[in-house]
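In: Just need the structure, nothing else, for what follows:
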Amino acid sequence: MFASIGTAKFGFYEFFKKFFSDIAGPDNAVKYKDLLYLTASASAELIADALLCPWEAVKVRIQTANPATIPRTFPTTLREGLPKIFRDEGFGGFYKGLVPLWSRQIPYTMMKFWAFERTVEFLYKKVVPKPRAECNKVEQLAVSFAGGYIAGVFCAVVSHPADSVVSKLNQYATRPPVSQILKELGPVGIWRGLGMDLFMVT
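Out: Reported below is the predicted structural model:
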């Protein structure tokens, strides 16, 4: 499911990039390409998160449930978790983390696609000793890999504070104010786990 949504996100990004390019026209699409990358990626993520949010809610509840509690505070499977949230909290229970999820994922995705596009452009212009059209498939793949790696580092840093808020928020059955979550985490807590995120990128 998560892989399917991730795949759809790339499809949405390419759709919106062409859509906004067509609206802007060829000259403006080149002149304002940074804005084009950011707008297309934000639009793609907006839709992807609406699809992802229910599954994210169940996943976080399963991960944060107290395993020592008998019976457990939350089921261990998606099949049981989905109806439990709906039964206890209604349809809105699946989307109580949507705004925090947007605050995490939209900056993340905007940075990811922008950094990737710009890094690839830089590598072909300054590092690769020949034009892109003359590179073979292996060389193009190496450039794409390097661009993705650098973009991943930027993304991890940009999105981590909101990621911490979303994870903490989903531990509560009733949604507390985000200000309360930020107070509980503190200026150090919102960055806890960043090293692991960077490690996973590498």
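In: what residue ranges in the protein score low on pLDDT?
Out: 1-6, 65-72, 170-175, 197-202 (pLDDT under 70).
In: 90 instead?
Out: 1-11, 26, 49-112, 115, 125-137, 139, 144-202 (pLDDT under 90).
In: residue boundaries of the helices in it?
Out: Ranges of helices in the chain, per DSSP state H, are 2-24, 26-31, 33-64, 78-89, 98-122, 137-169, 178-189, 194-201.
In: Give the other helices and strands that the longest one contacts.
Out: When you say that, I think you mean helix 137-169. Helix 137-169 sits against helix 33-64, helix 98-122, helix 178-189, helix 194-201, with contacts defined as 3 or more Cβ pairs under 8 Å, 6 or more residues apart in numbering; DSSP states H and E. The C-beta positions use only the backbone N, C-alpha and C, and glycine is treated the same way.
In: on that earlier part again, export the helices of the chain to TSV and tack on mean neighbour count and distance to Val128?
Out: Formatted as TSV, these follow (neighbours: other Cβ atoms under 10 Å; distance: least, Cβ to Cβ, whole Å):
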stretch	mean neighbour count	distance to Val128
helix 2-24	14	23
helix 26-31	12	21
helix 33-64	19	19
helix 78-89	14	44
helix 98-122	20	10
helix 137-169	18	6
helix 178-189	13	41
helix 194-201	13	23
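In: picking up where we left off before, rebuild the helices and strands packed on helix 137-169 as CSV, extending it with distance to Cys155.
Out: Output for these, formatted as CSV (distance: least, Cβ to Cβ, whole Å):
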stretch, distance to Cys155
helix 33-64, 11
helix 98-122, 5
helix 178-189, 20
helix 194-201, 8
